[in-house]
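Engineer: Provided below are the primary sequence and the corresponding predicted coordinates.
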Amino acid sequence: MSDEKPLIASKTPYSVMVEAGKNYLWCACGRSNSQPFCDGSHKGTGITPVKYEAEKKEWVWFCGCKQTGNAPLCDGTHKTLD
């Protein structure tokens, strides 16, 4: 396994209406075709998806740049990228 760096999937976050009690797997590698969620494309990268469990039905901003310090949620890091 290599330790690759995440790809930037989007320079803006993904807004998603999450459902209470549902688990989501956020793509941390940036390679998924189902952004912002994992589709298994991380296999062999050394990067693993991050589980997010929704506590209530609400809009959530999932990180698109994969550089957040608050995974899986956006912390504004995308604003500092070139």
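Structural biologist: Received, thanks. Numbers count the residues shown, from 1 in each chain.

Engineer: which stretches of the protein have low pLDDT?
Structural biologist: 1-3 (pLDDT under 70).

Engineer: ok, 50 please
Structural biologist: Using pLDDT under 50 as the threshold, the predicted model of the chain has low-confidence ranges 1.

Engineer: can you give me the helices in it?
Structural biologist: Here the chain has no helices by DSSP state H.

Engineer: could you pull out the strands for this structure?
Structural biologist: Listed in chain order, the strands of the chain (DSSP state E) span 14-18, 23-26, 50-53, 58-62.

Engineer: Ala28 against Glu4, yeah?
Structural biologist: No. Under the criterion of CB atoms under 8 Å, Ala28 makes no contact with Glu4, lying 11.0 Å away. Backbone N, C-alpha and C define where each C-beta goes, glycine included.

Engineer: Quickly list what's touching both of those two.
Structural biologist: Taking CB atoms under 8 Å, 6 or more residues apart in numbering as the contact criterion, the residues that touch both Ala28 and Glu4 are Ile47.

Engineer: Between the two, point out the one with more neighbours.
Structural biologist: Taking Ala28 and Glu4 together and counting by other CB atoms under 10 Å, Ala28 has the greater number of neighbours (21 against 14).

Engineer: Cys29 - how many residues pack around it?
Structural biologist: Other residues within reach of Cys29, judged by other CB under 10 Å, total 21.

Engineer: pretty sure it is in contact with Gln35, am I right?
Structural biologist: No. Under the contact definition of CB under 8 Å, Cys29 does not touch Gln35, with a separation of 10.6 Å.

Engineer: so how many other residues sit close to Glu53?
Structural biologist: For Glu53, the count of nearby residues is 10 (other CB under 10 Å).

Engineer: partner residues bridging it?
Structural biologist: When bridges are called by DSSP bridges, Glu53 pairs up with Asn23.

Engineer: where's it relative to Lys43, distance?
Structural biologist: 23 Å (CB to CB, to the nearest Å).

Engineer: can you check Cys29 too?
Structural biologist: If you measure Cys29 against Lys43 using CB to CB, the figure is 9 Å.
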